[in-house]
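**Student:** this one's structure only:
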């Protein structure tokens with residue numbers, strides 16, 4: 001029995017299935033923190049697969065070569081600075097009033113009739129530097145005002161915004177999901193930005209423009225009275241050009257680094273400059289410094305104010321990084337035990353495309369336990385050894401990341417914190433939230449995956 005479990009394809013696949021089942025049981029039923037559950041299941045899986053203890057945790061004299069430390073250290077060394085800097089950038093933009101400037105300009109430009117489209121574009125643009133929930137907290141009051149002025153269902157205004165915020169959060173760096181997947185699958189962030197936008201924008205159009213215009217005419221939900229709060233406007237808000245420019249800086253620099261390495265002569269000065277400023281951590285550092293000066297110091301914020309802002313905004317990141325690190329350790333165990341190769345062989349024998357398998361696995365994990373980050377990290381860990389065997393190009397790997405990210409947002413329901421934020425902030429009942437937000441997320445997921453799968457077939 002032990003030999004079958006540790007040395008045969010059927011045994012290894014069974015071990016993988018049991019590991020994931022135990023992981024979900026711990027998270028869903030026992031309410032264990034995901035990062036603790038991932039560590040426990042990773043250790044148990046490694047022991048069950050017969051890996052030596054020294055390989056798993058090292059020795060008293062040396063632990064640096066252990067799966068535990070290498071799993072955590074390899075991914076966190078890649079993503080910690082990126083996620084931290086991205087979070088800080090979003091906080092500075094939010095505190096400066098940049099979101100209101102951007103949204104207000106879009107509403108004025110598009111007019112009252114096209115206000116829903118303006119809200120969608122606001123979510124799409126402002127969603128690049130800020131987390132999904134922060135985007136809702138900041139922009140929800142503008143949705144209330146626009147819906148009251150337009151006299152139409154709040155769904156016509158909040159759903160486009162939510163689609164924009166959700167798309168960028170799922171598909172575009174520096175958000176944690178795509179950054180973590182990029183680290184685990186060794187993909188350049190420039191390609192993920194490009195493929196994420198190519199796949200994500202059509203998905204946003206379907207879920208955030210077409211669907212809201214259809215459902216908003218059939219479900220007339222007014223703005224709850226308690227949601228109307230008159231807030232004082234900043235007498236000297238930042239300019240629209242400054243806000244959009246700062247949001248664009250890291251994307252432009254990262255893309256320049258990615259494509260500069262392809263188009264510029266190797267070992268040239270320009271190629272070196274592009275590679276340096278296009279490194280995600282460097283690009284985001286430059287952007288945070290610009291934002292701190294232009295939106296912070298020049299607008300009256302002191303060094304102490306910025307330090308307090310950084311401390312407050314970075315506090316929630318700790319748990320996120322622990323989940324990602326533990327997920328990377330679990331993935332390293334799956335690779336070391338041979339489970340990854342067993343999965344690759346099974347997919348090959350079944351004729352099932354890896355991108356489809358990755359999407360289905362991510363969907364299943366998302367629906368079962370609710371966390372998009374856990375779904376992305378766990379799926380990437382399962383798929384990474386398989387991908388290594390196939391020798392995918394950077395473009396193909398980026399499309400695979402998009403597929404995994406798409407699966408991680410499907411069918412948001414009552415086990416997802418985002419579900420309750422949407423319900424609370426826009427005054428929707430559980431039933432209404434299932435009919436609107438859950439359907440929107442599913443459309444966003446399926447459409448994004450469909451575009452990625454089509455591109456995967458032709459690249």
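**Tutor:** Received the coordinates, thanks. Remember, it's a predicted structure, so these values are computed and weren't measured experimentally.

**Student:** From the contact counts, what lies against the longest helix along the chain?
**Tutor:** Using DSSP state H, we find that the single longest helix of the chain is helix 67-95. In terms of contacts (3 or more Cβ pairs under 8 Å, 6 or more residues apart in numbering; DSSP states H and E), helix 67-95 is packed against helix 34-48, helix 53-57, helix 132-150, helix 176-185, helix 240-263, helix 280-291, helix 303-314, helix 317-337. Yep, even glycine has a C-beta here, placed from its N, CA and C like the rest.

**Student:** Turn those helices into a markdown table, columns for distance to residue 111.
**Tutor:** As requested, these are exported to a markdown table (distance: least, Cβ to Cβ, whole Å):
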| stretch | distance to residue 111 |
| --- | --- |
| helix 34-48 | 45 |
| helix 53-57 | 62 |
| helix 132-150 | 10 |
| helix 176-185 | 34 |
| helix 240-263 | 17 |
| helix 280-291 | 30 |
| helix 303-314 | 34 |
| helix 317-337 | 39 |
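
**Student:** Would you agree residue 339 is in contact with residue 15?
**Tutor:** Yes - the pair residue 339 / residue 15 is scored as a contact, 6.4 Å apart, by Cβ atoms under 8 Å.

**Student:** Touching both of those two, which residues are there?
**Tutor:** Where contact means Cβ atoms under 8 Å, 6 or more residues apart in numbering, the residues bridging residue 339 and residue 15 through contact with each are 45, 49.

**Student:** what about those two, which has more around it?
**Tutor:** Under the criterion of other Cβ atoms under 10 Å, the comparison of residue 339 against residue 15 puts residue 339 first, with 27 against 21.

**Student:** need the contact list for that one.
**Tutor:** For residue 339, the set of contacting residues under the criterion of Cβ under 8 Å, 6+ apart consists of 12, 13, 15, 16, 45, 49, 382, 385.

**Student:** Among those residues, which lie within helices?
**Tutor:** Using DSSP H, 12, 13, 15, 16, 45, 382, 385 are the members of those that sit in helices.

**Student:** Go through those and name the one nearest residue 140.
**Tutor:** Among these, residue 382 lies closest to residue 140 (Cβ to Cβ), at 36.3 Å.

**Student:** how about the closest one, what does it touch?
**Tutor:** Residues in contact with residue 382 (Cβ under 8 Å, 6+ apart) are 16, 331, 334, 339, 340, 343, 361.

**Student:** If we use 7 Å, what do you get?
**Tutor:** Neighbouring residues of residue 382 by Cβ atoms under 7 Å, 6 or more residues apart in numbering: 331, 334, 343, 361.

**Student:** try residue 329
**Tutor:** Remark: with contacts taken as Cβ under 7 Å, 6+ apart, residue 329 is in contact with 38, 39, 42, 67, 68, 71, 72.

**Student:** Can you read off the pLDDT for it?
**Tutor:** At residue 329, the predicted lDDT confidence score is 88.

**Student:** What sits closest to it if chain neighbours are left out?
**Tutor:** Once flanking residues are discounted, residue 329 sits nearest to residue 71: 3.2 Å by Cβ to Cβ, 6 or more residues apart in numbering.

**Student:** just checking, the one you found touches residue 334?
**Tutor:** No - contact status for residue 71 versus residue 334: not in contact, 10.2 Å apart, counting by Cβ atoms under 7 Å.

**Student:** More neighbours: which of the two?
**Tutor:** Just comparing residue 71 and residue 334: by other Cβ under 10 Å the higher neighbour count belongs to residue 334, 30 against 25.

**Student:** how much space between that one and residue 46?
**Tutor:** If you measure residue 334 against residue 46 using Cβ to Cβ, to the nearest Å, the figure is 9 Å.

**Student:** With residue 207 instead?
**Tutor:** Residue 207 sits at a distance of 40 Å from residue 46 (criterion: Cβ to Cβ).

**Student:** and if you look at residue 429?
**Tutor:** 46 Å.

**Student:** what about those two, which has more around it?
**Tutor:** Higher neighbour count among residue 429 and residue 46: residue 46, with 25 against 10, using other Cβ under 10 Å.
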